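predicted model and sequence below, questions to follow.
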Amino acid sequence: MPRPIPNYDLYGNLLSGASRDPVHCERVRERSAPHDWTIRLHRHKHLAQFFLFETAGIEITLAETRYRTTRPSALFVPPGTPHGFRFPDNTEGDVLTLALEALDADTVSRISLLPDHGATLLTEDTCPFFDDLRSVTRQAQRVFADVRPAGNETLCTLARLLVLLCQSSLQTGLAGARPVDVHELTLHEQQAQRFCDLLELHFQEPWSVGEYASRTGVSPAHLTRICRRLLNASPNALVRQRRLVEARRLLEFTRHPVAEIAQRSGYRDPAFFCRTFKKQTGMTPGGFRMRVGS
């Protein structure tokens, strides 16, 4: 039987549109420590990822092969490639997630030419550009933490440089990889996936938690438990998050009036939408639109 492998935006975030940056930067510990330093096999449909591991002894699963690092390593994972990790406690490393839709066509084309199954694995002792990869990673972290208007353009440039460096120093490094068993989604993970699928289709509608729970096939209390455990937020918070993502997208990429954007994002009362948006972002919808427009 084919094994189900979940598609995530970022690991544990099943909602689409959760990140609007061309490059999202975080430390390995930020996402892995809450999951007991284990990231189960998953994939990203529209995202590529670059990992820089300073700690050795990381178990990497790519599709149906497994590899254990013995020295600082870098890994580039193309979109759609199943991957998972088991990290030693307190692993030091960085993750750069590249949103293909926000990158230039040439960079996306170069990503598509990298090997399948995440086989762009580079080690410190064999990669001639390893220090350059470190430097680009650090610079991307600094730009990502900044809020200047030119940040996204700089991140796109750094993403392009990262891909070029990976192409230049390409080697598979997967000798000795062996087949491994891949875990199926647990029942609770399937239920969380079902809830997020429903949310993507119906976030604009005034559904209650009970309605989502009923259509997911669970009780409201059970839905709340699995959302808090697997998605780190309550169902209502996830609905608000998805509506806010839509509102930000419409404010940035359309000229619709604020009242219409409120309706399209699932808010029936434009005044309530404006108050909620300002509470969540620190800016009015109009102020946000002016900022991203500049």
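Yes, it's here.

which residues are in contact with residue 212?
When contacts are counted by Cβ atoms under 8 Å, 6 or more residues apart in numbering, residue 212 is found next to 195, 198-199, 202, 223, 235. Just so you know, the C-beta spots here come from the backbone N, C-alpha and C atoms, and that holds for glycine as well.

nearest to residue 138 among those?
residue 199 (35.9 Å; Cβ to Cβ).

just checking, that closest one touches residue 240?
No - the criterion here is Cβ atoms under 8 Å, and residue 199 misses it with residue 240 at 10.9 Å.

so these two - more neighbours on which side?
Counted by other Cβ atoms under 10 Å, residue 199 and residue 240 do not tie: residue 199 has more neighbours, with 21 against 17.

state the helix or strand in which that one lies.
helix 187-202 (DSSP states H and E).

so which elements touch that helix?
helix 209-216, helix 220-231, helix 235-253 (3 or more Cβ pairs under 8 Å, 6 or more residues apart in numbering; DSSP states H and E).

would you mind extracting the C-alpha trace of the second one into PDB?
The one in question is helix 220-231. Provided in PDB are the C-alpha atoms of helix 220-231 (Å, rounded to 0.1, in the frame of the first residue of the first chain):
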ATOM      1  CA  PRO A 220     -14.900  19.800  19.300                       C
ATOM      2  CA  ALA A 221     -12.800  18.900  22.300                       C
ATOM      3  CA  HIS A 222     -10.800  16.300  20.400                       C
ATOM      4  CA  LEU A 223     -10.200  18.700  17.500                       C
ATOM      5  CA  THR A 224      -8.900  21.300  20.000                       C
ATOM      6  CA  ARG A 225      -6.500  18.800  21.600                       C
ATOM      7  CA  ILE A 226      -5.000  17.600  18.300                       C
ATOM      8  CA  CYS A 227      -4.700  21.200  17.000                       C
ATOM      9  CA  ARG A 228      -2.900  22.300  20.100                       C
ATOM     10  CA  ARG A 229      -0.600  19.300  20.100                       C
ATOM     11  CA  LEU A 230       0.200  19.100  16.400                       C
ATOM     12  CA  LEU A 231      -0.300  22.600  15.200                       C
END
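
what sits up against it?
Helix 220-231 is contacted by residues 12-14, 188-189, 191-192, 195-196, 209-210, 212-213, 216, 218, 233-235, 238 when judged by Cβ under 8 Å, 6+ apart.

roughly how far out does that helix sit from the chain middle?
In terms of Cα atoms, centre = their mean, to the nearest Å, the centre of helix 220-231 is set 20 Å apart from its chain centre.

buried set for it?
By neighbour count on 16 or more other Cβ atoms under 10 Å, the buried set for helix 220-231 is 220, 223-224, 226-227, 230-231.

can you check the shortest one too?
By 16+ other Cβ under 10 Å, the buried positions in helix 209-216 come out as 209, 212-213, 216.

between the buried residues of helix 220-231, which sits nearest residue 132?
Closest approach to residue 132 among those (Cβ to Cβ): residue 231, at 36.4 Å.

now the strands for the chain?
All strands of the chain, identified by DSSP state E, fall at 23-27, 38-42, 47-53, 59-62, 65-68, 73-77, 83-86, 93-99, 120-123, 178-179.

looking at the ones you listed, which is nearest to residue 156?
Residue 156 sits nearest to strand 23-27 of all those, at 7.6 Å, using Cβ to Cβ.

just checking, what packs against that closest one?
Looks like strand 23-27 contacts strand 93-99, helix 130-145, helix 151-168 (3+ Cβ pairs under 8 Å, 6+ apart).

most tightly packed of these?
Mean neighbour count (mean count of other Cβ atoms under 10 Å) peaks for strand 93-99 among the helices and strands packed on strand 23-27, with a mean of 23.

any weak-confidence spans in the stretch 1-150 of the chain?
When residues are selected by pLDDT under 70, those of the stretch 1-150 of the chain lie in 1-20, 64, 115-119, 147-150.
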